[in-house]
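>>> Let me see the structure of the following:
(one chain, ligands or ions: 1)
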Amino acid sequence: MKWLVDNCNQWIPDLKRPPPVLYLDIWPVFPDVMMMVFDGSMSAQFTQARSLPKHHITRTFLEPLTDNLDMTSADGSQSKVWRSRFNPSFSPRNITMLIPELIDEIMVFKDLLGKMAGPSGQWGDVFQLEERTTSLTFDVILRATMDERLHEQINAQGSPLKQALISQIRLMSKVLGVNRILGIKRWPWEAWTRQRNNEALRKALLGRVEAIIKSPHLADAVSEKKTILNIALSRTLAETGGETPDQRSVDAILANLKLFLFAGHDTTSSTICWMFKLLQDNPNCLAKLREELNSVLGEDVTQAASLLRDSPQLLNNLVYTNGVVKEALRFYPLASTVRQGERDFFLAVSGSDMRYPTEGTAIHDVPSVIQLDEHVWPRANEFLPERWIAAQGDPMHPNKDAWRPFSMGPRNCIGQELAMVEIKLVAALVCREFDIQEAWDKWDMKQGSMKPKETVDGQRLYGCGQTVQHPKDGMPVHVRRLYA
Ligand code: HEM
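Purely as a prediction, here's the structure:
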């Protein structure tokens, strides 16, 4: 999309800057005309000033995974019910309370990095960083939602839960590709795989959910530990006068847990990879990040985890680290929202009388363009974590509607606080102990071919794949330890 916008002048020579919207008709690949919005203040009109419903493709996409019982694809009123029950679980206060559990999982990640480092500060063997970060995010989501340790990071085959989810996502993605061109929503033989995956997912999650729900003292069981599931269940109990959730509610809870696993795992894991890439390419920023960690968490890196476990609020003092994560999400926004256009709903650009109709369109918020717009972001193509510390009134101070990696408004990303905290903790606990560097030569050697490989903008590492922009080849890296 960025390429299309950068090259708009080829088709519209008078254009001085990207157009605020672009209507794209790529039927049959996508069913409706796509209205691509490249201006944050316009995106705010359909996500914040008014929150239009999510486009019907979202329901079709999620149906194999959740039977549309989840908060994203359930009909309007059910969606609101589940969103309001889960919102408190994902609040900053609650996520801060979960920091010690998150640290347990990140320490496993860090130990595994240590095993990949070479001896005496040497670079180690090449490996795919994304595999490690994906397993980490699975472990974190299960821990945060149910205080369950999945141990995905030390399970080489992948747990049945992960295998089933990945297979289901593969099936779901087909609705956007060749199947649509052929006019086929789902192939009949996929029904069996879909059912098998759902049974595996149900088996992996239901026991854990039922252990709580069938507890003879449900109210006490859910208040024991403030997990995401328990808080949502307390809310449900308060709303229903203490009744044990019926089968339909249990199914909706399971659907939402599957949604969290789906929506939260590869978005967060790829962002962690992109953050390491940006820090590798901007060594001055890595140095500043390490300086901040030394000053807030002390110079003894071995104490950082216990310090953060005892005083999780220290994470709020890591303002530069926060800027690093926000800049990573500005450069690599991995997801976005698509809303259903409406008959009497028009978008407008400030300072112009032009009104853009939305009826019959799928309105796409396009953060990959909005977040790199030179007219809104000074030095847009530079990785500058300090812009997130710039005071209001400073030209570097970010425009509030122009940073939208989690979308905005009442249907934004419910898991954004969890994601931000997880990524900041990874930066805080890993960056002072290891250097992480792309290792393409070693990777090519391991693949048995040194032939020239494809690059994008001169880079071997670029975003590709379905649903979110995965780092190419899972980001082959090697690591070295900075301390003995
Ligand atoms: C860096 C990591 C993440 C990014 C970039 C991201 C981005 C987004 C975006 C752009 C949306 C809006 C999608 C739409 O409108 O269709 C969204 C929705 C959502 N996200 Fe995230 N997300 C991240 C992590 C997470 C995590 C960790 C979780 C949960 C554990 C999560 C759960 C959800 C859910 C449930 C929704 C749907 C909300 C609704 O429909 O009301 N996300 N996310």
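>>> Extract the residue ranges of the stretch 51-200 of the chain that are flagged as low pLDDT.
Applying pLDDT under 70 to the stretch 51-200 of the chain flags residues 175-187.
>>> mind listing the helices for it?
56-66, 76-86, 92-97, 99-116, 129-146, 160-173, 178-181, 190-213 (DSSP state H, counting those that start in this stretch).
>>> Quick one: the ones you listed as JSON lines, columns for mean neighbour count and distance to the ligand too.
Any C-beta I mention is one placed from the backbone N, CA and C, and that applies to glycine too. Supplementary listing: the helices of the stretch 51-200 of the chain in JSON lines, determined by neighbours: other CB atoms under 10 Å; distance: least, CB to the nearest ligand atom, whole Å:
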{"stretch": "helix 56-66", "mean neighbour count": "20", "distance to the ligand": "6"}
{"stretch": "helix 76-86", "mean neighbour count": "16", "distance to the ligand": "5"}
{"stretch": "helix 92-97", "mean neighbour count": "15", "distance to the ligand": "10"}
{"stretch": "helix 99-116", "mean neighbour count": "18", "distance to the ligand": "11"}
{"stretch": "helix 129-146", "mean neighbour count": "25", "distance to the ligand": "5"}
{"stretch": "helix 160-173", "mean neighbour count": "18", "distance to the ligand": "13"}
{"stretch": "helix 178-181", "mean neighbour count": "13", "distance to the ligand": "18"}
{"stretch": "helix 190-213", "mean neighbour count": "16", "distance to the ligand": "14"}
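>>> Make JSON lines out of the ones you listed and add distance to Gly341.
Shown next, in JSON lines, are those (distance: least, CB to CB, whole Å):
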{"stretch": "helix 56-66", "distance to Gly341": "11"}
{"stretch": "helix 76-86", "distance to Gly341": "17"}
{"stretch": "helix 92-97", "distance to Gly341": "33"}
{"stretch": "helix 99-116", "distance to Gly341": "39"}
{"stretch": "helix 129-146", "distance to Gly341": "33"}
{"stretch": "helix 160-173", "distance to Gly341": "23"}
{"stretch": "helix 178-181", "distance to Gly341": "19"}
{"stretch": "helix 190-213", "distance to Gly341": "30"}
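>>> for these, which one sits closest to Ala304?
Among those, the nearest to Ala304 by CB to CB is helix 99-116 (9.3 Å).
>>> if we can go back for a sec, quick one, which of the helices of the stretch 51-200 of the chain gets closest to Lys442.
Using CB to CB, the nearest of the helices of the stretch 51-200 of the chain to Lys442 is helix 99-116, at 11.9 Å.
>>> Show me what the closest one is packed up against.
helix 129-146, helix 304-310, helix 416-430, strand 434-438, strand 476-481 (3 or more CB pairs under 8 Å, 6 or more residues apart in numbering; DSSP states H and E).
>>> go with 10 Å
strand 127-128, helix 129-146, helix 304-310, helix 416-430, strand 434-438, strand 476-481 (3 or more CB pairs under 10 Å, 6 or more residues apart in numbering; DSSP states H and E).
>>> That one versus strand 434-438: what angle between them?
Relative orientation of helix 99-116 versus strand 434-438 (axes from the mean of the first three to the mean of the last three CA atoms, to 10 degrees): 70 degrees.
>>> got the CA positions of helix 99-116 in CSV?
This file holds the C-alpha atoms of helix 99-116, laid out as CSV (Å, rounded to 0.1, in the frame of the first residue of the first chain):
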residue,chain,number,x,y,z
ILE,A,99,3.9,-8.4,35.4
PRO,A,100,5.5,-11.0,37.7
GLU,A,101,3.9,-13.8,35.7
LEU,A,102,4.9,-12.2,32.4
ILE,A,103,8.5,-12.0,33.7
ASP,A,104,8.5,-15.7,34.4
GLU,A,105,7.8,-16.4,30.7
ILE,A,106,10.2,-13.8,29.4
MET,A,107,13.0,-15.2,31.6
VAL,A,108,12.5,-18.6,29.8
PHE,A,109,12.9,-16.6,26.5
LYS,A,110,16.0,-15.0,27.8
ASP,A,111,17.5,-18.3,29.0
LEU,A,112,16.9,-19.8,25.6
LEU,A,113,18.6,-16.8,23.9
GLY,A,114,21.5,-17.5,26.2
LYS,A,115,21.7,-21.1,25.0
MET,A,116,21.9,-19.8,21.4
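>>> what is the orientation angle of that helix with helix 129-146?
If you take the same axes, to 10 degrees, helix 99-116 sits at 160 degrees to helix 129-146.
>>> switch to numbering from 49
Okay, residue one is now 49; in that scheme the one you just asked about reads as helix 147-164.
>>> Report the distance from helix 147-164 to the chain centre.
Centroid separation between helix 147-164 and its chain, computed with CA atoms, centre = their mean, to the nearest Å, is 19 Å.
>>> With stretch 508-525 instead?
14 Å.
>>> Give me the distance between the two termini of that stretch.
12 Å (CA to CA, to the nearest Å).
>>> Would you mind listing the buried residues in the helix or strand harbouring Tyr71?
Assigned by DSSP states H and E, Tyr71 belongs to strand 69-72. Within strand 69-72, the residues that count as buried by 16 or more other CB atoms under 10 Å are 69-70, 72.
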